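A.B. asks: Below are the sequence and a predicted model; questions follow.
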Amino acid sequence: MIIQNKIEEKILREAGKRLALVLDEVETLVRPGVTSAELNLHATQRIKEMGDTPSFLGYTPAGSRAPYPAGLCVSINDEVVHGIPNGRALKDGDIVGLDIGLIHQGMFVDMARTLPVGKVDEKSLELIFATKKSLDAGIAAAKSGGYVGDIGAAIEAVAKQGKLGIVRELGGHGVGSAVHEEPYIANFGKTGTGEKLVNGMVLALEPMLTLGSPDVVLGKDGYTFRTRDGSLSAHFEHTIIVGKDGGEVVTKN
Ligand code: MG
């Protein structure tokens with residue numbers, strides 16, 4: 001969506017703040033032994049307690065046969081995105097991607113981060129750090145008057161610097177009035193190409209980087225994407241509002 005007035009802007013900011021608060025809480029629960037189902041339960045309950053709606057729960061993306069069964073996606077190690085919470089416990093040395101969305105007064109926001117579980121190796125930390133950095137670069141490039149390709153190019157530059165794989169089948173998207181909206185935002189690209197960015201455009205930017213091959217496979221559950229070569233993957237996401245100096249992050253507490 002494109003923000004039209006101060007009222008919409010205020011609701012969107014409040015939605016983002018609430019989502020970040022919930023994810024911060026879930027983050028404190030991440031430790032060896034906790035199951036992805038427990039993380040999902042907390043996330044979903046907290047969103048409902050605040051009077052909001054978990055936007056992923058019951059959502060059926062284009063091409064999927066069944067609605068998504070949880071409010072939180074939990075993607076461990078070689079799982080890239082959309083891991084379905086279950087009884088699997090996190091282990092020391094894992095990395096875990098948490099992706100969450102909510103609807104507050106009709107406004108949809110979306111965010112994700114990847115966290116270390118217990119003590120993780122240096123390579124994993126570097127992957128997490130670089131993926132976060134690539135998101136920051138994408139946000140800085142989301143300037144009104146620029147182009148969607150500027151965002152992809154900025155993300156790609158950071159990934160290349162770290163010699164990391166960029167997942168090419170999945171990317172960012174418009175958000176605000178639905179879980180997924182136009183435009184699609186690839187995590188690679190050329191500056192000055194693609195749709196023009198305008199003031200007030202609400203976007204979810206979400207780089208997914210890997211330590212190995214960028215190729216992914218979709219699991220039998222119809223949702224979980226994994227790296228084809230089993231290498232680790234990290235994912236960070238913010239909902240932003242495009243402005244003249246770059247994107248303004250709304251999913252922050
Ligand atoms: Mg998203």
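C.D. replies: Thanks, I have the structure now. Residues are numbered from 1 along each chain as shown.
A.B. asks: Would you indicate which residues of stretch 38-52 are buried?
C.D. replies: By neighbour count on 16 or more other CB atoms under 10 Å, the buried set for stretch 38-52 is 38, 39, 40, 41, 42, 43, 44, 46, 47, 52. From N, CA and C alone the C-beta is placed, and that goes for glycine too.
A.B. asks: want to throw the residues you listed into CSV with pLDDT and secondary structure?
C.D. replies: Formatted as CSV, these follow (pLDDT from 0 to 100; DSSP: H, G, I helix; E, B strand; the rest coil):
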residue, pLDDT, secondary structure
38, 98, helix
39, 98, helix
40, 98, helix
41, 98, helix
42, 98, helix
43, 98, helix
44, 98, helix
46, 98, helix
47, 98, helix
52, 98, coil
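A.B. asks: Okay, and the beta partners of residue 238?
C.D. replies: Residue 238 forms beta bridges with residue 205, as assigned by DSSP bridges.
A.B. asks: What distance do you get for it to residue 41?
C.D. replies: To residue 41, residue 238 is 24 Å away according to CB to CB, to the nearest Å.
A.B. asks: Could you do residue 141 as well?
C.D. replies: Separation of residue 141 from residue 41 (CB to CB) stands at 37 Å.
A.B. asks: Near the ion, which residues of this protein are found?
C.D. replies: Of all the residues in the chain, those in contact range of the ion (CB under 5 Å from the ion) are 110, 204, 206.
A.B. asks: Spatially, and excluding backbone neighbours, which residue is closest to the last one.
C.D. replies: Nearest residue to residue 206 in three dimensions, chain neighbours excluded: residue 237, at 3.6 Å (CB to CB, 6 or more residues apart in numbering).
A.B. asks: quick one: contacts for that neighbour?
C.D. replies: Residue 237 is in contact with 99, 110, 111, 112, 113, 135, 172, 204, 205, 206, 251, counting by CB atoms under 8 Å, 6 or more residues apart in numbering.
A.B. asks: Export the residues of the chain next to the ion to JSON lines and append columns for neighbour count.
C.D. replies: Below are the residues of the chain next to the ion laid out as JSON lines (neighbours: other CB atoms under 10 Å):
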{"residue": "110", "neighbour count": "28"}
{"residue": "204", "neighbour count": "25"}
{"residue": "206", "neighbour count": "26"}
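A.B. asks: Can you lay out those residues as CSV showing distance to residue 33 and pLDDT?
C.D. replies: Converted to CSV, the residues of the chain next to the ion look like this (distance: CB to CB, whole Å; pLDDT from 0 to 100):
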residue, distance to residue 33, pLDDT
110, 28, 98
204, 31, 98
206, 28, 98
